[in-house]
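[1] Give me a model of this one.
(chains A, B, C and D)
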Protein chains: 2
Amino acid sequence: MDDLAGLLGLDGNGEVPSGRIIQIYEVACRQFAQRGFDGVSMRDIAAECGISKATLYHYFPDKDSILRPLAMGATKSIYLHVARHDDATLPAVDRLRRFIVETATFFEAFRWAWIAGSTAFWSDPEARARKERIAWRDRYEQLLRDILQAGIDSGELHATDVKIAGRLVLGTINWMPRWYNPAGPLKAPEIAGQFCDMLLAGLRAAPPKKAVGRKAKAKG
Amino acid sequence: MDDLAGLLGLDGNGEVPSGRIIQIYEVACRQFAQRGFDGVSMRDIAAECGISKATLYHYFPDKDSILRPLAMGATKSIYLHVARHDDATLPAVDRLRRFIVETATFFEAFRWAWIAGSTAFWSDPEARARKERIAWRDRYEQLLRDILQAGIDSGELHATDVKIAGRLVLGTINWMPRWYNPAGPLKAPEIAGQFCDMLLAGLRAAPPKKAVGRKAKAKG
DNA sequence: GACAGACTACCGACCGCTCGGTTGGTGCGG
DNA sequence: CCGCACCAACCGAGCGGTCGGTAGTCTGTC
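    You can find the predicted model right below:
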């Protein structure tokens, strides 16, 4: 399910991904996501791969070299994914929905890489978060702000501050890894769709100045 | 500014907080928040406190004993804080606003403890996240769901699923530590207030079936 | 077909270092 | 003289990373 080779850009060029390398990425990716970069030793990764630690160093010069492409690939790919699905000719409301839902779709597909990259970014901002990675992240956030701004300009949205509104939206999505259960009844894109509904319509039921004839959209 | 003694419950009983213990908590708390539990050594904490590592072990039996009260205190105190400011006789919309803003107020005051506790909870769910701590966290989330449910029952809110809506709200708040700048122009409670406005009113500007006479709340 | 050499995948054993934690003590106020 | 606050020195374990070597495979050459 996790096409990590695609995320890492290993299948596009002439190189052969070598199988073992993909396996190491997959194992390390999940372990980093579950126990953190510092909480995973090279011995742990080697053991689960069924190889010796020395063999691990045959494929990767050091520990950082395993994490870096994962974090970089996740950050870059998430932007490319939502940008590919964006269409500036659509109404801003539809673009916003796509942005949110496609982000969740990406998260569903590359959950471990997402988490590993996100926590790596958080725990060691100066060493591992290099310029290029921040640049992709900025493009991602900027796309969201552009969508929000387009909605404000066209009169579809009435946010006053696109930065604040953008962080509102991103917070709802980025917090998902903390509670999302892949085995649950709702998949991530479905939840994201509901989030989008609530964010657009608001939680308040009725206009404050006008009485409602019927209970707006009764639950039962 | 950080009344850590209060958060840890060290000033209520007859014990003398001893000064040094408070200092260790403060230093460790900030370091844990900034570099993670595994990223901070006992030598680091001792060095910044200006004492030897052995003295650290004079006050605490092990490393976990420094983090545990911090994480526990933060989780418990955040619930007690919002519960103290809640008033079930108020309209649900006002209660929701208080919940969000007071959470941000708490975050502003105990930022390091909040982050340290949150990341500890996340990185090692089974070992350090003990039953009691989860219980307080559940009470906190349950209070939010109760407020949302009360709003739905009274017709103020039209959320269909309080669990999903609750996670929407919590995500916006809980993501704040990742980008919040204490030196910025807006303080956390102010940002939280704006979040609450957006969450209640929604980002969409006008009802889809009716034309608006004026540009809703123009930005300039 | 045999053989040398280069190369790949792999490993056991080891290195220096830092970690959390311990031990045996010192100085000092009450 | 006791107990508190404190510390230098130390310990075993685990860390990231290195080293020398082995088994197999592919290639070119006689």
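[2] got the domain boundaries for chain A?
    According to automatic domain parsing, chain A is divided into the following domains: A:4-59, A:68-201.
[3] List the buried residues of the lowest-mean-pLDDT helix or strand in chain A.
    Within chain A, judged by mean pLDDT, DSSP states H and E, the helix or strand with the poorest mean is helix A:4-8; its value is a mean of 76. Going by neighbour count (16 or more other CB atoms under 10 Å in any protein chain shown), the buried part of helix A:4-8 is A:4-5, A:7-8. Where you see a C-beta, it was placed from the backbone N, CA and C, and this is true even at glycine.
[4] same thing with stretch A:136-153?
    For stretch A:136-153, a neighbour-count test (16+ other CB under 10 Å) marks A:136-137, A:139-141, A:143-144, A:146-152 as buried.
[5] Stretch A:161-181 too?
    Buried residues in stretch A:161-181, counting neighbours by 16+ other CB under 10 Å, are found at A:161-162, A:164-177, A:180.
[6] Restricted to helices, list those residues.
    When DSSP state H defines the helices, the subset of the buried residues of stretch A:161-181 inside them is A:162, A:164-174.
[7] which of those lies closest to DNA strand D?
    Distances from DNA strand D to those, taken as CB to the nearest atom of the strand, are shortest for A:Asn174 (26.5 Å).
[8] Verify the stated contact: that closest one with B:Trp175.
    Yes - taking CB atoms under 8 Å as the definition, A:Asn174 is a contact partner of B:Trp175 at 5.4 Å.
[9] and the longest helix anywhere in chain A with helix A:162-174, angle?
    Looking only at chain A and at elements set by DSSP H, the helix with the highest residue count is helix A:131-154. For the pair helix A:131-154 and helix A:162-174, the angle between their directions (axes from the mean of the first three to the mean of the last three CA atoms, to 10 degrees) equals 120 degrees.
[10] Remind me what helix A:131-154 packs against, helices and strands.
    Under the contact definition 3 or more CB pairs under 8 Å, 6 or more residues apart in numbering or on different chains; DSSP states H and E, helix A:131-154 sits against helix A:64-85, helix A:92-109, helix A:162-174.
[11] Get me the contact residues on chain A for DNA strand D.
    A:40-44, A:53-54, A:57, A:61-64 (CB under 7 Å from any atom of the strand).
[12] Mind doing that once more with 10 Å?
    Within chain A, the positions lying close to DNA strand D (CB under 10 Å from any atom of the strand) are A:37-47, A:52-58, A:60-66.
[13] Filtering these by proximity to chain B, which remain?
    A:38-39 (CB under 8 Å from any CB of the partner chain).
[14] Any quick ChimeraX command for the buried ones out of the residues of chain A next to DNA strand D?
    To isolate the buried members of these in ChimeraX, using 16+ other CB under 10 Å:
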select /A:37,38,40,42,45,46,56,60,63,66
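[15] re the thing from before, present the buried residues of stretch A:136-153 as CSV; the columns should include pLDDT.
    Converted to CSV, the buried residues of stretch A:136-153 look like this (pLDDT from 0 to 100):
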residue, pLDDT
A:Trp136, 93
A:Arg137, 93
A:Arg139, 96
A:Tyr140, 97
A:Glu141, 97
A:Leu143, 97
A:Leu144, 97
A:Asp146, 96
A:Ile147, 96
A:Leu148, 95
A:Gln149, 95
A:Ala150, 95
A:Gly151, 94
A:Ile152, 94
